[in-house]
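Engineer: 3D model of this:
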Amino acid sequence: MLIREARESDLDDVLLVERSAFAGDDVAELTRDLLEDPSARPALSLLAFIDSRAVGHILFTAARLDQTRNTISASILAPLAVIPEAQKQGIGGELIERGLQRLSESGVDLVFVLGHPEYYPRHGFQTAGHIGFEAPYPIPDKNADAWMVQALRPGVIGTVRGKVICADGLDRPEHWRE
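Structural biologist: Just a heads-up that it's a prediction; the model follows:
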């Protein structure tokens, strides 16, 4: 498997992966919007290939905390997609790990995700709400464990808190339902 940063010329592959993984256009259109959204930058878009076929994609977009006096760099992981026939082979996990490594190297402190609470903790994420990080839109109590964070710099969690401000393309309540 080859994982590399997606290029502008890869947009069709990115959208094909998103459509296939999510069986429709909604997430693909969100992905396109985020890739074109200046408020989402800096963004990190990675594609996974097997035998030159795109099989997975992950996107991290810029975020910030509204109540922090410190300079905290944050990102939101959304979406993560693997085509159905390539799922359960570790591709999603490898995309997460590679993305987190690149973000850490670039100085990002915190990464947030709204996702499956059984999956993301395997990759170092923990529930965010009870440690002081509010999602851009309220998460129902029954889904509170789906709002998660991972610190890429030791000592950040516990020293900052606040509401996460996301890119304009994600700033709609329908994107915050798990």
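Engineer: what about the helices in the chain?
Structural biologist: Taking DSSP state H to define them, one finds helices in the chain at 11-22, 26-36, 91-105.
Engineer: Return the angle between stretch directions for the shortest one and helix 11-22.
Structural biologist: It refers to helix 26-36. 150 degrees (axes from the mean of the first three to the mean of the last three C-alpha atoms, to 10 degrees).
Engineer: Of all the residues in helix 26-36, which ones are buried?
Structural biologist: By 16 or more other C-beta atoms under 10 Å, the buried positions in helix 26-36 come out as Val27, Ala28, Leu30, Thr31, Arg32, Leu34, Leu35. Every residue, glycine included, has its C-beta placed from N, CA and C.
Engineer: what's near enough to touch the first one?
Structural biologist: By C-beta atoms under 8 Å, 6 or more residues apart in numbering, Val27 lies in contact with Glu18, Arg19, Ala21, Pro79, Ala81.
Engineer: quick one: it from Arg98, how far?
Structural biologist: 20 Å (C-beta to C-beta, to the nearest Å).
Engineer: Please apply the same query to the fourth one.
Structural biologist: When distance is defined by C-beta to C-beta, Thr31 is 18 Å away from Arg98.
Engineer: which stretches of the chain aren't confidently modelled?
Structural biologist: 68-70, 178 (pLDDT under 70).
Engineer: Find the centremost residue of it, please.
Structural biologist: Residue closest to the mean C-alpha point of the chain, counted by C-alpha atoms, centre = their mean, is Leu77 at 0.7 Å.
Engineer: Pretty sure it sits against Gly92.
Structural biologist: No - Leu77 is beyond contact range of Gly92, at 10.8 Å (criterion: C-beta atoms under 8 Å).
Engineer: quick one, longest strand in the protein?
Structural biologist: strand 53-65 (DSSP state E).
Engineer: Buried residues, that strand. List them.
Structural biologist: Ala54, Val55, Gly56, His57, Ile58, Leu59, Phe60, Thr61, Ala62, Ala63, Arg64, Leu65.
Engineer: for this structure, what spans make up the strands?
Structural biologist: 2-5, 44-50, 53-65, 74-82, 110-114, 126-127, 133-134, 147-151, 162-165.
Engineer: Minimum distance to Ser104: which of those strands has it?
Structural biologist: Closest approach to Ser104 among these is made by strand 110-114 (9.0 Å; C-beta to C-beta).
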